[in-house]
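Q: Generate coordinates for the sequence data below:
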Amino acid sequence: MDDKLNEALRTAVEAWEEMGKADYDHSEEAAERFEHSFYRFIDVFREWVRGLEPRPNSVEQLMALDTCAEIVKRLPAPLHLNFETEAELIIDGRLRIDEDKYD
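A: Model (predicted):
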């Protein structure tokens, strides 16, 4: 896996874990930190996908790549659908507008 992608994924997973451990007083801050790190990871992933040759034509082709399998393996299960949704948007060439991001 590309170093930049690996680092962005690691940061997002760590932020997810920290969010799960945060006490009530710090839960909002932890959630914001996670959200930021997850979408930073998605931005890095988007750039990685754009650099693929040949570029996958479908989500199924993209998700069949070893790197995507490794990402899914490392992501917490509750984030799999979010990741697949973002992968679909990337394949379709669309960007999620900030208001449309997951709350």
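
Q: Just list what the helix ranked longest in the chain packs against, helices and strands only.
A: Ranked by residue count and defined by DSSP state H, the top helix of the chain is helix 27-50. If you count contacts as 3 or more Cβ pairs under 8 Å, 6 or more residues apart in numbering; DSSP states H and E, helix 27-50 packs onto helix 3-21, helix 80-92. For glycine as for every other residue, the C-beta is placed from the backbone atoms N, C-alpha and C.

Q: Show the pLDDT at the residue nearest to the spatial centre of the chain.
A: A centroid search over the chain (Cα atoms, centre = their mean) returns I42, at 4.2 Å, as the residue closest to the centre. On pLDDT, I42 comes in at 97.

Q: Please renumber the chain so that the first residue is 23 from this point on.
A: Sure, I'll start counting at 23 from here, so that last one is I64.

Q: so how far is L103 from it?
A: Per Cβ to Cβ, to the nearest Å, I64 is found 13 Å from L103.
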